[in-house]
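>>> Here is my input, please return the structure:
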Amino acid sequence: MIRHSFLLLSVLVVFTIISACSSTPKPPVVVEVPVSPMIQAQAYADSALDLFDAEDYMNALTQFNTALNTFRDAASVATEIDSVNHKIEKMQLNIATTHLRMAHESYEAQIYPEAIEHYEAALEVYDSITAPITIEADALQQNRVQLYSNLALVNKTAGNFEAAITYYDRILAGDPNNADVLNSKFIVLNNDIRDTDRAFRVLRDYAEASNDANAYLMLAGKYAENGNNTEAESNYLRALEIRADGNTYKSLASFYLNTSQWAKSNDILLRYVGTNPPQEEMLICYRLMGNNYRNLNNNAKMVEYFEKALLIEEDPQLALAVASYYNGRSNWAKVISFTTMALRGNARNADALLLRGNAYFKSNRFNEARTDLELIRNDPRHGTNATNLLNAIARRRG
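Numbers count the residues shown, from 1 in each chain. Prediction:
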């Protein structure tokens, strides 16, 4: 019994010792908690934005791409509250914007291949967004069109003319009436590629398809620039058939004027005046018609239309021209009237003072004549004539 008690005691001692030993503190085991893919993706995105703000676009682009791929990897485990699809699209738009910044820098540095590469990369991003969430579909399309324009410009500048035409065509596919783009495409075909037939076919096909007056005006203008006045006139007249408005009348009248067809120019201007346009337009027409009649050596008609213009707005040069005409016909009252108008614009105009002084003299208004002529007695051009008239006045009064 005593032995059994000893054995029991021994067991208890050993158990106690083992228990005591097992309670000795051990170093804690560090267990790494996996980082959420969404949190990691957001960290990459935040880093990319910081780099972008610092204008470190290359590294920003790398981080945006890493964030995009991480968001995509997280999509399968993301919850609705994570809005992962929104974040994916935002990364795509950020990537496109970064490419645009890099393209602009390359273009400014005249590194055109790099600029084209970045513009095309941005366009590829926009094209990949088929169902936009964070950007309006119209705004996305406007971004595409702007990139088409940029790519057309850079390719043209780099001498890649056919590539430029491709991008002009992409714009025209959605906006066939874009006159600026049609004009740019024409210039590349006509001036750079030097394919005149193809260039004019672009404008001719558009004009015929649209039956638009502006299209025919553009086509006519290009024919005129190339010296093909027959085709230019034909297309101007076609535009006038479609739309007889001020712009069309003036365009055709200017064409006739520039090709020295002054009578035809006046016919068109007279038709325009018959539509009773605003006063400022009437003024332009009357001045042009007066100049056309001067070129036709019809001074009576020239003065008629210059006088019409002067009734709308005084002009010293026109008034002096009219006064000179009446001086040659000894109409002293008209000379005095129109030189007075000219002198309202420039009180020291020696030409006007001589004409009016002479008209006063011929009208026996000697005091007024002397006042004008004394002002130009020492004029290098008219001093002699003024002195002679002053002497004649002295003799008359003597």
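
>>> Buried residues of stretch 350-363, list them for me.
350-361 (16 or more other CB atoms under 10 Å). Every C-beta, even on glycine, is put in place using the N, C-alpha and C of the backbone.

>>> Would you format those as CSV with distance to Y286, secondary structure and pLDDT included?
Formatted as CSV, the buried residues of stretch 350-363 follow (distance: CB to CB, whole Å; DSSP: H, G, I helix; E, B strand; the rest coil; pLDDT from 0 to 100):
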residue, distance to Y286, secondary structure, pLDDT
A350, 27, helix, 97
D351, 22, helix, 97
A352, 21, helix, 98
L353, 27, helix, 98
L354, 27, helix, 98
L355, 22, helix, 98
R356, 24, helix, 98
G357, 29, helix, 97
N358, 28, helix, 98
A359, 25, helix, 98
Y360, 29, helix, 97
F361, 32, helix, 97
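
>>> from those residues, which is closest to L318?
Using CB to CB, A352 comes nearest to L318 of the buried residues of stretch 350-363, at 12.2 Å.

>>> got a list of what the closest one touches?
Residues near A352 by CB atoms under 8 Å, 6 or more residues apart in numbering: 316, 320, 323, 339, 342-343, 346.

>>> how about a cut-off of 7 Å?
Going by CB atoms under 7 Å, 6 or more residues apart in numbering, A352 touches 320, 323, 339, 342-343.

>>> returning to that earlier point: I'd like to know which of the buried residues of stretch 350-363 is nearest to N229.
D351 (38.0 Å).

>>> For the nearest residue in space to the closest one that is not next to it in sequence, what is the enclosing helix or strand?
Leaving aside its sequence neighbours, D351 sits nearest to L320 (CB to CB, 6 or more residues apart in numbering; 6.1 Å). Using DSSP states H and E, L320 sits within helix 316-327.

>>> how near is Q279 to T340?
23 Å (CB to CB, to the nearest Å).

>>> okay, these two: which has more neighbours?
T340 (14 against 10; other CB atoms under 10 Å).

>>> Now for Y286: which residues touch it?
305, 308-309.

>>> Swap in 8 Å and give it another go.
Per CB under 8 Å, 6+ apart, neighbours of Y286: 273, 305-306, 308-309, 312.

>>> Widest-spaced pair of these?
Top of the distance list for the contacts of Y286 (CB to CB): V273 and F306, 14.5 Å.

>>> Neighbour count for those two, which is higher?
When V273 and F306 are compared for neighbours, F306 comes out ahead with 26 against 18, by other CB under 10 Å.

>>> Skipping its backbone neighbours, what lies nearest the more buried one in space?
Counting by CB to CB, 6+ apart, the residue nearest F306 is G290, at 4.2 Å.

>>> and the one you found, what element?
Following DSSP H and E, one finds G290 within helix 279-295.

>>> Per-residue pLDDT of the residue nearest to D351, please?
With respect to pLDDT, L320 has a value of 97.

>>> Check S10 too.
For S10, the model assigns a pLDDT of 36.

>>> swap in V77?
Predicted confidence (pLDDT) for V77: 78.

>>> Roughly how far does the residue nearest to D351 sit from C285?
With distances taken as CB to CB, L320 is found 21 Å from C285.

>>> neighbour count winner among the two?
Shown here are L320 and C285; by other CB under 10 Å, C285 has more neighbours (24 against 21).

>>> surely the more buried one meets R271?
No: the pair C285 / R271 is not scored as a contact, 10.1 Å apart, by CB atoms under 8 Å.

>>> Now do A239 against N183, distance only.
Counting by CB to CB, the gap from A239 to N183 is 16 Å.

>>> Show me which of those two is the more surrounded one.
The residue with more neighbours, out of A239 and N183, is A239; 26 against 16, by other CB under 10 Å.

>>> starting at the chain centroid, how far to stretch 242-253?
Relative to its parent chain, stretch 242-253 has a centroid offset of 23 Å by CA atoms, centre = their mean, to the nearest Å.

>>> Over to stretch 289-306?
On CA atoms, centre = their mean, the centre of stretch 289-306 falls 38 Å from the chain's centre.

>>> i'd like the first residue to be 547 from this point on
I'll keep to 547 as the first residue from here, and by that count the last item is stretch 835-852.

>>> phi, psi of H928?
The phi/psi pair for H928 (degrees, to the nearest 10) reads phi -110, psi 0.

>>> Please apply the same query to T805.
phi -100, psi 20.

>>> circling back: in CSV, list the buried residues of stretch 896-909 along with distance to A642.
Below are the buried residues of stretch 896-909 laid out as CSV (distance: CB to CB, whole Å):
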residue, distance to A642
A896, 68
D897, 67
A898, 67
L899, 71
L900, 72
L901, 71
R902, 72
G903, 76
N904, 77
A905, 76
Y906, 78
F907, 81
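
>>> ok, then the element right after the helix or strand bottoming out on mean pLDDT in the chain?
Within the chain, confidence by mean pLDDT, DSSP states H and E is lowest for helix 548-568 among all helices and strands, at a mean of 34. Heading C-terminal from helix 548-568, the first helix or strand you meet, by DSSP H and E, is helix 583-599.

>>> Kindly format the C-alpha coordinates of that next one as CSV.
The C-alpha coordinates for helix 583-599 follow below in CSV (Å, rounded to 0.1, in the frame of the first residue of the first chain):
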residue,chain,number,x,y,z
PRO,A,583,-7.7,42.0,-54.1
MET,A,584,-10.0,45.0,-54.1
ILE,A,585,-7.8,46.8,-51.5
GLN,A,586,-4.7,45.9,-53.5
ALA,A,587,-6.2,47.1,-56.7
GLN,A,588,-7.2,50.4,-55.1
ALA,A,589,-3.7,50.9,-53.8
TYR,A,590,-2.3,50.5,-57.3
ALA,A,591,-4.9,52.9,-58.6
ASP,A,592,-4.0,55.5,-55.9
SER,A,593,-0.3,55.1,-56.7
ALA,A,594,-1.0,55.6,-60.4
LEU,A,595,-3.0,58.8,-59.7
ASP,A,596,-0.1,60.2,-57.6
LEU,A,597,2.3,59.4,-60.5
PHE,A,598,0.0,61.0,-63.0
ASP,A,599,-0.3,64.2,-61.0
